[in-house]
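> Pasting the sequence and the predicted model now:
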Amino acid sequence: MTGAQRQAVALFAELTGHDADGVWSAPGRANLIGEHTDYNEGFVLPFAIEHRTYAAAGMRSDGTVRVVSTFDGEPFSLAVSALAETFDGARGRAVASGAVPEWAAYPLGIAWAALAATGRDAADVPGVDIAFASDVPVGAGLSSSAAIEGAAASALNDLWSLDLGGLAIAKLGRTAENDAVGAPTGIMDQVSSTLGRVDAATFLDCRTLETASVDLGLAREGLALVVIDTQVSHAHSTGGYRDRRASCEKGAAGMGVPSLRDLTIVDLDRAERVLDDVTFRRVRHIVTENQRVLDTVETLRTAGPRGVGGLLVASHVSMRDDFEISTAELDAAIDAALAVGAIGARMTGGGFGGAALALVETGRVDDVAEAAGRAFAARGFAAPHTFTVTPSEGARRDA
Ligand code: ADP
Ligand code: MG
């Protein structure tokens with residue numbers, strides 16, 4: 001039992017005075033390749049990581065959902081029968097008005113979405129207590145939000161006998177996050193967290209929601225994935241994200257297609273003629289990144305993980321020069337990793353700060369951490385936080 005699992009079990013007992021009916025968990029995720037392609041209906045290739053959020057849960061005889069987390073400490077309760085009036089059509093208003101604490105809107109939003117998706121009546125399901133504990137760092141770009149959603153959804157799936165599969169559970173997470181919490185996110189994080197497999201990544205077509213598990217073969221090849229977290233989040237990250245989304249919409253409109261997913265490499269000559277320079281380069285990133293995701297999947301299947309280094313680096317160069325979302329810290333992290341022999345490295349996540357991901361020989365992990373530390377010190381940047389992430393199993397019942 002990991003520390004976080006033990007904490008969830010202890011917190012449940014402290015809250016209720018009895019043992020939980022079971023423990024469920026879901027992991028955070030990192031993205032191997034496919035950045036800003038999700039909202040363009042394109043392709044992504046994330047993987048679940050070993051850091052997980054645990055939900056110790058048990059049924060109550062009344063119709064109340066009560067949630068508590070080591071993260072907050074204050075339990076929060078809502079009648080199952082009040083979920084609909086709290087969240088229906090609310091788009092985050094219950095959180096904005098202070099009626100529901102933001103963190104509690106994740107699990108309660110899952111309960112609400114689960115009833116709505118399965119057509120269950122509030123009167124048909126028992127109340128539940130759920131205690132959460134996690135070792136997913138919050139706000140570090142590893143999707144602690146998908147982890148708490150997946151853990152809550154897995155617990156309710158069993159306790160309420162909903163019989164939902166992995167993709168349906170992922171959709172509950174998206175609904176909770178978009179409509180209960182009010183955060184406009186795609187479904188990549190939840191798909192990765194629910195469908196992850198050991199030493200594999202999850203290919204997702206964000207248009208069709210088709211998924212495929214793709215073996216990474218890291219263990220066999222003696223390779224590791226290293227996160228170099230710059231711990232820098234630039235002030236313009238939200239505005240920058242919005243601006244890039246707008247550029248993509250402008251590019252699609254200029255090219256006369258519903259979304260950039262509808263363009264391929266052969267369309268880039270025309271794009272260069274009809275679009276302004278900035279919009280063209282934004283479009284080129286999306287179009288080439290989609291192709292790189294497909295090429296990465298193909299390369300993993302045929303040549304194995306040592307073959308994908310060039311694709312990872314090309315992805316970074318595209319984000320740095322065409323999409324312009326990298327930072328001096330991220331570029332320094334990538335250069336440092338490559339200089340000590342990383343097979344490939346790229347910034348990962350939305351950009352304007354955050355983390356880089358490097359594919360390295362297991363024996364070189366410490367070299368990468370040291371090299372990144374030295375590079376940051378030489379440039380006067382605050383020290384980065386470097387750690388490995390191991391592609392792991394998705395949402396599950398643990399006990
Ligand atoms: P991330 O990149 O980590 O997903 P988000 O802002 O999307 O960042 O989600 C973080 C939020 O999710 C936290 O501020 C909190 O409201 C909620 N959250 C995540 N993990 C937990 C947890 N273990 N307990 C309570 N709330 C959590
Ligand atoms: Mg999140």
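Looks like it came in fine. Ligands and ions are numbered 1, 2, ... in the order given.

> Quick check: residues of this protein near ligand 1?
53, 69, 71-72, 102-103, 106, 132, 134, 138-139, 141-145, 148 (Cβ under 6 Å from any ligand atom). Just so you know, the C-beta spots here come from the backbone N, C-alpha and C atoms, and that holds for glycine as well.

> out of those residues, who's near ligand 2?
Filtering the residues of the chain next to ligand 1 for proximity to ligand 2 (criterion: Cβ under 5 Å from the ion) leaves S143, S145.

> Which members of the residues of the chain next to ligand 1 are positioned in helices?
The members of the residues of the chain next to ligand 1 that map onto helices under DSSP state H are E102, W103, Y106, S144, S145, I148.

> for the second one, what are its contacts?
With Cβ atoms under 8 Å, 6 or more residues apart in numbering as the criterion, the residues that contact W103 are S69, F71, D72, I148.

> Can you flag the buried ones in these?
S69, I148 (16 or more other Cβ atoms under 10 Å).

> which pair in the contacts of W103 spans the largest distance?
The distance between the two most remote of the contacts of W103 (Cβ to Cβ) is 11.3 Å, for D72 and I148.

> looking at it, F71 is touching F132, isn't it?
Yes: between F71 and F132 there is a contact at 7.0 Å, judged by Cβ atoms under 8 Å.

> quick one: which helix or strand includes E35?
Using DSSP states H and E, E35 falls within no helix or strand.

> Looks like it contacts G351 (just checking).
Yes: applying Cβ under 8 Å, one finds E35 in contact with G351, separated by 7.4 Å.

> okay, those two: which has more neighbours?
Set side by side, E35 and G351 show unequal neighbour counts under other Cβ atoms under 10 Å, the larger going to E35 at 25 against 22.

> what's the spacing between the more buried one and D322?
Separation of E35 from D322 (Cβ to Cβ, to the nearest Å) stands at 11 Å.

> that older thread, just the ones in helices among the residues of the chain next to ligand 1 now: which is nearest R220?
Using Cβ to Cβ as the measure, the one of those that approaches R220 most closely is S144, at 29.8 Å.

> Now do the contacts for the closest one.
Taking Cβ under 8 Å, 6+ apart as the definition of contact, the neighbours of S144 are G28, T53, S134, V136, P137, V138.

> rerun that using 10 Å as the cut-off
By Cβ atoms under 10 Å, 6 or more residues apart in numbering, the residues touching S144 are 28, 51, 53, 71, 103, 106, 134-138, 189, 193.

> Now pLDDT too, for those, in JSON lines please.
As requested, those are exported to JSON lines (pLDDT from 0 to 100):
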{"residue": "G28", "pLDDT": "97"}
{"residue": "H51", "pLDDT": "97"}
{"residue": "T53", "pLDDT": "98"}
{"residue": "F71", "pLDDT": "91"}
{"residue": "W103", "pLDDT": "97"}
{"residue": "Y106", "pLDDT": "98"}
{"residue": "S134", "pLDDT": "98"}
{"residue": "D135", "pLDDT": "95"}
{"residue": "V136", "pLDDT": "93"}
{"residue": "P137", "pLDDT": "86"}
{"residue": "V138", "pLDDT": "84"}
{"residue": "D189", "pLDDT": "96"}
{"residue": "S193", "pLDDT": "98"}
